[in-house]
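*Asks:* model this:
(chains A and B, ligands or ions: 1)
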Amino acid sequence: MKTCLVVDDSSVIRKIASRILEEMNFQIVEAEDGAQALEACKRELPDAVLLDWNMPVMDGFEFMVALRQLPGGDVPKVVFCTTENGIDHISKALHAGANEYIMKPFDKDIVAAKFQEVGLIEAPV
Amino acid sequence: MTPPDYEYLRKLLKDQSGLDLSADKQYLIESRLVPLSRKAGLQGIPDLVQKMKNGSTSLVAQVVEAMTTNETFFFRDKIPFDHFRQAIMPEVLKARAARKSIRIWCAAGSTGQEPYSLAMCIKEMESQLAGFRVEIIATDLSQEVLEKSKAGLYSQFEVQRGLPIQLLVKYFKQTGEFWQINPDIRAMVQHRQLNLLHDFSQLGAFDIIFCRNVLIYFDQETKINIFNRLCKIMEPDGFLVLGAAETVVGLTDAFKPYPDKRGLYRPNDARAVRAPAGLVAPRIAAAAAGM
Ligand SMILES: C[S@@+](CC[C@H](N)C(=O)[O-])C[C@H]1O[C@@H](n2cnc3c(N)ncnc32)[C@H](O)[C@@H]1O
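*Replies:* Down below sits the predicted model:
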C-alpha cells in the first residue's frame, strides 16, 4: 500500500483529503504544519505528499525545500494543494521541485486526475 | 410531459442531431428543456412543443443544442493522446515527409479541450515538425460550445482536470478567476459549426480524425452511416480515434482496429476494392504520387 502524507493546518481539509486518498488506497499520515511533516519524513519517507502552502511554524514551500534535501527526499511526489492560485506561486513551486499543483477548492476528480498525472495511481481503463 | 410531446421531441432530436433517446428519458428532457422554456418566456414543455410545431426554427435549434452533452476535459482518457504522440504522429510524419502537411479533424470538439490538447501536443513536438503545416479543425453541432472553444477561456476547475500543471503554466494566462489559452495555441485551431448527420465532404481529406464521445449518443444505423462517410474523407493511411465506449467492430469494415492500441483505427485496405471507383481510387493514386 502506498503512503500519503497530508499536510494542512485545517483539520477539516485533512479529513476530506484523507477520505479521498483512502478511497484511492493510500495509507494516510497527517501533519498540521511543515515542521511536523518534516519530522514525519525523517522517520519514514512517504510515496506522496499532499501539501498546503500557508501554515504556521513552517510553511509548505519551506517544508518541500527541506524534504528535497533529505537523503532520498527527491523521490516522494509532492502535490501542492493550496488557495495560492497565482501563476507566480505555481512556477515557484515547480522550480523548487513540486510535481503537481492543485488550486483549492478541490474535489475527488481533481485529486485523482493529479495523482494520475504524476503516476501515483493508474488511469481507469 | 404527455407521451405525444415526448414522442415528438424524441423524433425531432433523432432527426436533427442523431440523439437516440430510449423510451424512458423524460427526466433528461425535462431537466434541460424546462429551464430553456422559462428563458424563452414559455409555460413549460407543452408550450415549447406547440411553438416548435408552429414552425419556430430558432427554438428547434435551441432545443437541439440544449439536449447535447458537452462534457469534456483536457487530455481526456490520456491514452488516446499517448497514441497520438507515440504512434500516430511518428507514422504520419514519415508518410507526409514529402507533402509536409498534416490535417487533423476534431469531429465533436465541444468547448475546445480536445482540439487544444492536440494543439499542445503538436507544439511540444515543434522541433520534429519544422517546415510542416499542421491544421487542426474543430467542429461541433452546438454554436454555444464553439464560442467557448474559440475564446479558450476556462475555469479553475476545468484546467485542473487532465491538464498537467507544467502545460498550464506554459500555455495559459491567468485572467481573474479564469485561465485563457495562449493566442499561439488558439491560432492553431480553426472552428466550424458542423452537424455530423450532414455532408462533411467539403472539409477535405484528413490524416487524423478524432471523433470521440459523440457516436455513443447515436443509433447503429447512424453510426454506420457516419463511419462510412468518415472513411471517405480520410487518407487511406490515416488514423481514426474513437472514445473509450465506442468501436467500429460489428458495425462496419470500413475501418479496422490498430493492433494493441485501444480506440485507434485505420481505414481498411479492402475498401478500395468495394468502394465505388472514383471516390477512393484518385486519392490512392495521389498518395502514391507522393502528394
Ligand atoms: C461529450 S462531448 C465530447 C467532446 C470531446 N470529443 C471529448 O471526447 O471530450 C459531445 C459533443 O458532440 C456534439 N454533438 C452532438 N451531436 C452532434 C452532431 N450531430 N454533430 C456534431 N456534433 C454533435 C455535442 O454538441 C458535444 O459538444
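
*Asks:* which parts of the stretch 1-150 of chain B sit against the ligand?
*Replies:* Along the stretch 1-150 of chain B, the residues adjacent to the ligand under the rule C-beta under 6 Å from any ligand atom are B:17-18, B:68-72, B:76, B:108, B:110, B:114, B:140-142, B:145. Placement of C-beta: from N, CA and C, glycine included.

*Asks:* give the contact list for residue A:56.
*Replies:* Neighbour list for residue A:56: A:9, A:33 [criterion: C-beta atoms under 8 Å, 6 or more residues apart in numbering or on different chains].

*Asks:* Repeat that for residue B:101.
*Replies:* B:132-135.

*Asks:* at 10 Å what do you get?
*Replies:* Neighbouring residues of residue B:101 by C-beta atoms under 10 Å, 6 or more residues apart in numbering or on different chains: B:131-135, B:207, B:291.

*Asks:* any idea of the pLDDT on it?
*Replies:* With respect to pLDDT, residue B:101 has a value of 97.

*Asks:* One more: residue A:81?
*Replies:* So, for residue A:81, pLDDT stands at 98.

*Asks:* any idea which helix or strand comes after the helix or strand hosting it?
*Replies:* In this structure, residue A:81 sits in strand A:77-82 according to DSSP states H and E. If you walk from strand A:77-82 toward the C-terminus, the next helix or strand you reach (DSSP H and E) is helix A:87-95.

*Asks:* ok, and what's touching whatever helix or strand comes next after that next one?
*Replies:* Where DSSP H and E defines the elements, the next helix or strand beyond helix A:87-95 is strand A:100-103. If you take C-beta under 10 Å, 6+ apart as the criterion, strand A:100-103 is touched by A:17, A:48, A:50-51, A:53, A:77-86, A:89-91, A:93-94, A:110-111, A:113-118, A:120, B:156-157, B:159-160, B:164-166, B:168-169, B:179.

*Asks:* at 6 Å instead, please
*Replies:* A:79-81, A:85, A:90, A:93, A:110, A:114, A:117-118, B:156, B:165 (C-beta atoms under 6 Å, 6 or more residues apart in numbering or on different chains).

*Asks:* Residue A:117: what's it in contact with?
*Replies:* The neighbours of residue A:117, taking C-beta under 6 Å, 6+ apart as the test, are A:100, B:164.

*Asks:* how about 8 Å then?
*Replies:* A:100, B:164-165.

*Asks:* Which strands or helices does the helix or strand containing residue B:91 pack on?
*Replies:* With secondary structure defined by DSSP H and E, residue B:91 is part of helix B:89-95. Under the contact criterion of 3 or more C-beta pairs under 8 Å, 6 or more residues apart in numbering or on different chains; DSSP states H and E, helix B:89-95 touches strand B:206-211, strand B:234-242.

*Asks:* CA atoms only for it, dumped as CSV, please.
*Replies:* Once side chains and other backbone atoms are set aside, the C-alpha atoms of helix B:89-95 remain, and they are given as CSV (Å, rounded to 0.1, in the frame of the first residue of the first chain):
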residue,chain,number,x,y,z
MET,B,89,2.4,11.3,-35.3
PRO,B,90,5.6,9.4,-35.9
GLU,B,91,3.9,7.4,-38.7
VAL,B,92,2.2,10.5,-40.2
LEU,B,93,5.4,12.4,-40.1
LYS,B,94,7.1,9.7,-42.1
ALA,B,95,4.2,9.3,-44.5
